[in-house]
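Trainee: structure of the sequence below:
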Amino acid sequence: MTPATTAPAHAHGTQLARDLTLFDITMIGVGAMIGAGIFVLTGIAAGAAGPALILSFALNGVVTIFTAMVYAELGSAIPEAGGGYLWVKEGLPGGNAFLAGWMSWFAHAVAGSLYALGFGAYFHLMLQGFDLTVFGLEAAVVHKILGAAVAVGFLYINYRGVSETGLAGNIVTVAKLVVLAVFVGSGVLQIWRHPEFLEKFTPFAPHGLAGIFSAMGLTFIAFEGYEIIVQAGEEVKNPRRNIPRAVFWSLAIVVPIYILVAFVAMGAVEPGTGEATWQWLSKHAELGLAEAARQFMPLGAFLLLIGGLLSTMSALNATTFSSTRVSFAMGRDRNLPEAFGTIHPTRRTPVVALVGSGAIIIGMAVAVPIQHVAAAADIMFLLLFLQVNVAVMTIRKKYGDKLDYGYVMPFFPIVPIIGILTKLFLALFMFHYSPLAWYITLGWLAAGAAIYRWYARPREREKVVTPVLAGEMISRKKQRYRVLVPVANPATAKPLLAIAARVAQIEGGEVIVVHTLTVPYQLPIGAGRGLVHQARPVIDDATRFIDKQNVPSAALVRLSHRDVWQSIVDTIEEYRVDFVVMGWRGRSSDPTAKVGSNLDKVLEKANCNAVIVQSPLEGSVRRVLVPVALPSQGQLMIQVAGLLALDGGEIDVLHVAPPGESQSNQTVATLSEIKASLEEAMAGNGNQLRVSVRCVEAASPVEEIICQAEGYEALILGASGEGWLTRKVRGNRPQQIADRVHCPVVLVSRKTGNLKFGVQTFADFFRDLDAKGHGEVQKRPAPETKDHEAANGPNGTNSIDNA
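Mentor: This is a model prediction of the structure:
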């Protein structure tokens with residue numbers, strides 16, 4: 001094709017790498033709901049509702065579905081970190097955004113207090129099993145001491161930057177589900193054996209509707225998993241499809257489990273004291289479920305003890321992390337003192353925000369009884385959800401059909417209105433159960449109002465763009481050929497950009513420049529938005545260079561918790577890239593790698609033509625050697641050589657045949673196909689080039705290519721298609737050649753057919769699954785990792801391969 005003459009145009013955007021699958025995000029929601037709430041609150045809530053706790057859980061399932069639909073809609077349309085806090089900022093004016101963050105911080109922190117006290121109770125039960133006492137203190141005091149101690153422990157863990165991996169979180173969630181499944185199964189069997197136990201459900205509601213509503217408000221914290229799901233919205237793959245599904249799947253899993261747990265706890269226990277089962281459970285309070293399991297479940301107390309400890313620790317870690325994340329974001333937005341938005345220089349963790357959250361967690365755990373702690377957390381979450389239900393209506397009115405919804409709730413606006421009324425009713429009714437919780441809530445809201453009035457409002461920063469527009473300037477609707485260039489260092493990017501611009505000229509396409517910033521795991525990934533200014537010089541220099549070539553360009557900055565290769569693959573898939581140009585340092589410590597462990601990932605996971613350029617290549621060259629073994633590789637390799645060669649340069653195509661085979665029918669046929677590929681490859685190249693094809697015989701193609709490369713300014717090689725075992729035995733052939741030749745090496749990888757690529761992807765999935773099963777877990781980047789080091793490679797080049 002003739003070079004395109006379209007005037008250059010470029011756009012910039014910011015996006016985050018999407019790592020979480022539907023299963024991952026569903027397990028996050030299930031793990032948050034099947035958490036400490038069910039283990040800790042069942043006994044307490046039984047005292048409020050009696051056997052009608054079953055109905056309370058069922059009604060909560062109905063009530064929560066209205067807000068779940070709101071979360072599914074907004075999570076699919078605005079899949080960014082922040083969840084309800086973000087949507088209130090978008091939809092409601094004035095101090096509502098501050099109030100939402102202020103309540104969210106307190107709600108997550110107080111939930112942490114509940115889980116810390118739950119851990120204290122379960123740990124104390126374990127000590128009693130070993131006949132150990134804590135200085136002869138009362139149980140309630142011991143629970144608070146142990147709760148404060150474990151809270152301090154998890155504050156330190158979060159300070160160190162250690163966080164639970166997705167795999168470990170999934171394992172813990174599945175373990176909790178198994179424990180509860182055994183609990184339910186054993187209880188149902190017990191009731192089956194003793195039909196008379198069904199009489200325990202009479203009277204069904206000893207405290208009437210007041211008891212049912214109190215139990216609903218008290219246990220609502222066990223239904224807020226969709227808030228955790230949308231908090232990770234920016235890290236979910238295909239969020240418009242997967243976030244709504246995860247919200248509904250998680251509720252479909254947990255609501256029946258809650259109902260069954262309540263049914264078994266009420267019906268399978270024989271107190272033996274003459275009192276009703278619900279009274280017996282209430283007497284044991286946060287340990288009610290464990291004491292119930294002791295009666296009818298094999299290894300009941302032990303398994304529930306393990307489940308309770310796992311749940312409370314996992315939930316405490318999550319709430320410590322999430323409450324710190326909210327206060328850090330508020331400090332960054334200057335709604336709280338800016339110290340809350342600062343990061344420790346070596347640990348890369350938000351220390352001040354962590355200390356603030358820790359003070360709330362420990363203070364509430366020590367000063368307030370557990371049932372009032374639970375009530376205070378529930379009230380805050382109910383009020384936050386109420387705001388979100390209001391926000392969805394204003395967002396619909398504000399944006400109309402401009403948002404790309406993956407799910408649209410039915411019966412709008414009836415659904416959010418019902419959500420508002422039910423949340424407000426339950427929140428107000430909690431005063432009947434715990435006036436103290438409401439006094440604490442009102443005190444916190446009054447303090448927040450004062451801080452907003454005299455501190456936050458004068459310092460508010462206007463939001464420049466709406467989250468839904470960030471990173472959307474590059475259309476996902478493909479209109480022309482697309483060439484992608486991952487860049488990090490402008491000084492070494494020009495050879496890559498020159499190749500990309502030339503490809504785009506020939507194909508009449510555009511060049512997309514992507515720069516990746518890595519964010520430490522202990523920070524919310526959205527914190528990386530503050531680092532985007534560091535990427536501006538890089539992408540500006542790159543787009544200016546492309547503009548000078550009279551080629552349309554676009555630039556994208558991605559933020560990632562993971563390796564740079566994942567961001568490149570995400571960009572290729574999301575924008576349907578045809579051609580990618582990457583840097584390569586030429587050496588890998590992994591003998592089984594085709595090119596290098598990170599570059600291999602891009603070649604395996606993304607199906608497009610790829611050129612990988614060794615960093616010494618500085619521009620166009622006069623003499624290029626192209627060894628071609630298979631005609632199928634030849635056309636693209638020769639095309640790339642034509643892009644590199646100067647006008648009037650030379651391209652020599654070399655075919656190495658086994659000794660005595662240069663005149664064989666197979667070799668002659670191969671050479672004929674190579675010449676045909678050569679003519680087709682050079683058809684669109686406007687330069688005057690001298691091109692030749694020759695065949696030599698050699699026992700070792702590697703040694704012959706090294707010898708023949710003497711005197712050339714560039715060497716074009718096909719990326720190795722050899723299997724893992726061959727590379728293990730013989731070594732990496734492209735790497736062997738690159739190490740010994742005196743000219744830069746350019747590797748070329750051809751796009752695979754869709755069917756073959758699908759089969760390879762399917763095989764790669766099971767290979768990766770097998771590797772994980774054998775403990776080959778990918779390490780996270782260290783907190784000290786600099787953004788430019790993670791993206792540039794060890795020598796400040798544009799190589800993405802640091803293996």
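Trainee: low-confidence stretches in the stretch 401-550 of the chain?
Mentor: Within the stretch 401-550 of the chain, the segments meeting pLDDT under 70 span 459-478, 519-532.
Trainee: please read the previous query as pertaining to the stretch 51-200 of the chain.
Mentor: Low-confidence segments of the stretch 51-200 of the chain, defined by pLDDT under 70: 80-83, 161-169.
Trainee: try 50
Mentor: For the stretch 51-200 of the chain, the stretches flagged by pLDDT under 50 are 163-165.
Trainee: and the helices in it?
Mentor: 53-77, 84-91, 96-129, 139-160, 166-193 (DSSP state H, counting those that start in this stretch).
Trainee: which residues in the chain form strands?
Mentor: 12-16, 482-486, 510-518, 553-560, 579-584, 609-614, 621-627, 645-657, 690-697, 714-718, 745-749 (DSSP state E).
Trainee: and the second one, what does it pack onto?
Mentor: With contacts defined as 3 or more CB pairs under 8 Å, 6 or more residues apart in numbering; DSSP states H and E, the secondary structure elements packing on strand 482-486 are helix 490-507, strand 510-518, helix 564-574, strand 579-584. Quick note: C-beta positions are derived from backbone N, CA and C, even for glycine.
Trainee: to Arg622, which of the ones you listed lies closest?
Mentor: Taking CB to CB, helix 490-507 is the member of the helices and strands packed on strand 482-486 nearest to Arg622, at 15.2 Å.
Trainee: between that closest one and strand 609-614, how big is the angle?
Mentor: Taking axes from the mean of the first three to the mean of the last three CA atoms, to 10 degrees, one finds helix 490-507 and strand 609-614 inclined to each other by 150 degrees.
Trainee: where do the helices of the stretch 401-550 of the chain begin and end?
Mentor: Counting by DSSP H, counting those that start in this stretch, the stretch 401-550 of the chain forms helices over residues 414-433, 435-451, 457-459, 490-507, 532-548, given from the N-terminal end onward.
Trainee: which of these sits most buried?
Mentor: Using mean count of other CB atoms under 10 Å, the stretch among the helices of the stretch 401-550 of the chain with the largest mean neighbour count is helix 490-507, at a mean of 22.
Trainee: which neighbouring elements make contact with that one?
Mentor: Applying 3+ CB pairs under 8 Å, 6+ apart, we find helix 490-507 packed against strand 482-486, strand 510-518, helix 532-548, strand 579-584, strand 609-614, helix 631-644.
Trainee: what's the closest of those to Ile417?
Mentor: Ile417 lies closest to helix 532-548 among the helices and strands packed on helix 490-507, at 38.7 Å (CB to CB).
Trainee: ok, now which ones touch Pro658?
Mentor: The neighbourhood of Pro658, defined by CB atoms under 8 Å, 6 or more residues apart in numbering, consists of Glu697, Ala698, Ala699.
Trainee: and it, how close does it get to Lys675?
Mentor: As for Pro658, its distance to Lys675 is 20 Å (criterion: CB to CB, to the nearest Å).
Trainee: from what I can see Ala374 touches Ala222, true?
Mentor: No - in this structure, Ala374 is not within contact of Ala222 by CB atoms under 8 Å, at 9.9 Å.
Trainee: the two - which one has more neighbours?
Mentor: Legend: neighbour count by other CB atoms under 10 Å for Ala374 and Ala222, higher for Ala374 (33 against 27).
Trainee: list the contacts of that one.
Mentor: Listed by CB under 8 Å, 6+ apart, the contact partners of Ala374 are Val40, Leu41, Ile44, Leu114, Leu218, Ile221.
Trainee: can you count the residues close to the closest residue to it other than its chain neighbours?
Mentor: Distance criterion CB to CB, 6 or more residues apart in numbering; nearest residue to Ala374, sequence neighbours excluded, is Leu114 at 5.2 Å. By other CB under 10 Å, 32 other residues sit near Leu114.
Trainee: the contacts of Ala374 into a markdown table, with extra columns for distance to Val551?
Mentor: Listed next are the contacts of Ala374 as a markdown table, based on distance: CB to CB, whole Å:
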| residue | distance to Val551 |
| --- | --- |
| Val40 | 61 |
| Leu41 | 61 |
| Ile44 | 66 |
| Leu114 | 58 |
| Leu218 | 63 |
| Ile221 | 55 |
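Trainee: between those, which is closest to Ala52?
Mentor: Taking the contacts of Ala374 together and measuring to Ala52 by CB to CB, the closest member is Leu218, at 12.8 Å.
Trainee: find the nearest non-adjacent residue to that closest one, please.
Mentor: Counting by CB to CB, 6+ apart, Ala45 is the residue found nearest to Leu218 once chain neighbours are left out, at 5.1 Å.
Trainee: give the contact list for that neighbour.
Mentor: The neighbours of Ala45, taking CB under 8 Å, 6+ apart as the test, are Leu53, Ser56, Ala215, Leu218, Thr219.
Trainee: now do it, the pLDDT please.
Mentor: Turning to Ala45, the model gives it a pLDDT of 92.
Trainee: for it, give its distance to Ala210.
Mentor: The spacing between Ala45 and Ala210, counted by CB to CB, is 13 Å.
Trainee: also Pro345?
Mentor: Computed as CB to CB, the Pro345 to Ala210 distance reads 54 Å.
Trainee: the strands of the chain: lowest mean pLDDT?
Mentor: strand 12-16 (a mean of 44).
Trainee: and for the residue nearest to Val352 when sequence neighbours are not counted, the neighbour number?
Mentor: Spatial nearest neighbour of Val352, chain neighbours left out: Ala339 (4.4 Å); criterion: CB to CB, 6+ apart. When counting by other CB under 10 Å, one arrives at 13 neighbours for Ala339.
Trainee: now do the contacts for the residue nearest to Ala374.
Mentor: Contact criterion CB under 8 Å, 6+ apart gives Ala36, Gly37, Val40, Ile221, Ile370, Val373, Ala374, Ala377 as the residues in contact with Leu114.
Trainee: show the pLDDT at the fifth one.
Mentor: At Ile370 the predicted local distance difference test score is 86.
Trainee: pretty sure it contacts Glu286?
Mentor: Yes - the pair Ile370 and Glu286 passes the contact test of CB under 8 Å, sitting 5.9 Å apart.
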